[in-house]
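[1] Fold the following, please.
(one chain, ligands or ions: 1)
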Amino acid sequence: MFIFKTIAELKNHLNSIHTNNKTVGFVPTMGALHQGHAFLVKQAKQNSDTVVSSIFVNPTQFNDPKDLEKYPRTLQKDCTLLESVGCDIVFVPEVNEIYSEKELELKNQNIEDDSWSEGKNIDFGILDKVMEGAHRPGHFNGVAQIVSKLFKIVEPNKAFFGQKDFQQLAIIKSMVQQMDFKIEIISCSTIREKDGLAMSSRNIRLTKEERRIAPLIYKTLSSVKEMAKNNSPSELIKFAKTQLEKENQMQLEYFDIVDTLTLQPLTSFNNKQNAVACVALKLGNVRLIDNILL
Ligand code: AMP
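    Numbering: from 1, shown residues only. Take a look at the predicted model:
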């Protein structure tokens with residue numbers, strides 16, 4: 001497995017792959033990898049000739065500086081895992097390899113200026129006004145900024161993203177369309193621990209007691225799915241909130257039931273729309289998200 005730190009080295013290596021018409025599958029990550037990421041790489045391996053993964057904790061998508069600071073970094077272990085599942089190339093750039101001083105300065109000053117970075121100021125319409133977008137101002141602009149930069153560097157044929165970040169997938173698909181990238185976006189199912197907790201890099205920050213409580217998130221989502229046959233979205237939301245708020249270490253940010261395409265809240269179920277229940281909460285100091293298709 002090749003590990004590159006600079007854009008020049010990576011591009012140089014990818015040149016011959018692109019010119020030989022080999023397909024490139026790309027799995028962008030922020031590291032602290034687990035079996036969810038491994039699954040994405042395996043999917044990429046099955047669907048492309050060469051698999052590139054990136055490990056980059058992207059500063060521009062964090063709205064809370066403490067969250068960025070505490071984000072786990074386990075590079076050596078990550079590379080071992082990536083190699084074990086057949087990843088061919090890992091890109092691990094430093095921040096200044098990706099962002100200019102000006103870009104970082106503007107991010108720190110929170111200046112919205114559409115002239116300085118492609119992908120940063122795409123209009124996602126209603127997609128980023130709800131859920132994560134509403135609770136993490138600027139988050140999806142930062143995501144679009146880094147993913148568009150990485151897409152331009154790697155030039156993959158296919159890119160693989162987890163359904164765990166349901167709204168992120170919708171945002172990426174919209175970005176690909178708006179920026180006219182010729183990249184197929186492939187969504188991969190959420191990988192869970194045996195007790196149902198969605199795997200997340202943040203799980204290692206949970207205390208023993210918090211980890212014990214955490215499976216309640218998926219348990220509640222599963223009950224909501226079961227109950228969706230006979231209950232309205234508002235009844236389901238009320239039920240879920242009551243369940244989750246029973247644990248006083250859990251601080252619910254939102255529990256929404258939305259249309260899978262528009263991400264707009266549903267007031268009733270009908271046969272023409274697919275629904276997804278999405279939740280975000282803080283368990284102690286750790287922010288967790290999950291979702292289930294209804
Ligand atoms: P992250 O490193 O958390 O930014 O995630 C990198 C990619 O892995 C994203 O496409 C995530 O949606 C995906 N991912 C994270 N957790 C899981 C999981 N438990 N199952 C499947 N994919 C995941």
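
[2] Relative to the one helix or strand residue 277 maps to, what are the paired strands and their orientations?
    Using DSSP states H and E, residue 277 sits within strand 275-283. Each strand paired with strand 275-283, and its direction, by DSSP bridges: strand 250-259 (antiparallel), strand 286-293 (antiparallel).

[3] State the pLDDT value of the closest residue to the ligand within the stretch 1-150 of the chain.
    Closest residue of the stretch 1-150 of the chain to the ligand, Cβ to the nearest ligand atom: residue 36 (2.4 Å). No exception for glycine: its C-beta is placed from N, CA and C like everyone else's. Here the pLDDT value assigned to residue 36 is 98.

[4] How many neighbouring residues does it have?
    20 (other Cβ atoms under 10 Å).

[5] what does the stretch 151-294 of the chain have sitting close to the ligand?
    With the criterion set to Cβ under 6 Å from any ligand atom, the stretch 151-294 of the chain comes near the ligand through 161, 162, 164, 165, 188, 190, 191, 198, 199, 200, 201.

[6] typo on my end, the stretch 1-150 of the chain
    Checking the stretch 1-150 of the chain against the ligand by Cβ under 6 Å from any ligand atom, the hits are 29, 30, 36, 37, 39, 40.

[7] re the thing from before, quick one: residues contacting the residue of the stretch 1-150 of the chain closest to the ligand.
    By Cβ atoms under 8 Å, 6 or more residues apart in numbering, the residues touching residue 36 are 162, 164, 190, 191, 198, 199, 200.

[8] In contact with the fourth one, which residues?
    In this structure, residue 191 makes contact with 34, 35, 36, 38, 39, 162, 198, 199, judged by Cβ under 8 Å, 6+ apart.

[9] Could I get those in a markdown table, plus columns for distance to residue 100?
    Shown next, in a markdown table, are these (distance: Cβ to Cβ, whole Å):
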| residue | distance to residue 100 |
| --- | --- |
| 34 | 32 |
| 35 | 36 |
| 36 | 32 |
| 38 | 33 |
| 39 | 34 |
| 162 | 29 |
| 198 | 35 |
| 199 | 34 |
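
[10] Find the pair from these with maximum spatial separation.
    Farthest apart among those by Cβ to Cβ are 38 and 198. That separation is 14.4 Å.

[11] more crowded one of those two?
    residue 198 (23 against 19).

[12] okay, now the closest residue to that one other than its chain neighbours: neighbour count?
    In space, and not counting its chain neighbours, residue 198 is closest to residue 290: 4.7 Å by Cβ to Cβ, 6 or more residues apart in numbering. Look at residue 290: counted by other Cβ under 10 Å, it has 22 neighbours.

[13] and residue 292, how many neighbours?
    22.

[14] Report the contact partners of it.
    Counting by Cβ under 8 Å, 6+ apart, residue 292 makes contact with 218, 221, 222, 224, 225, 276, 277.

[15] likewise residue 240?
    Residues near residue 240 by Cβ under 8 Å, 6+ apart: 220, 221, 223, 224, 255, 277, 279.
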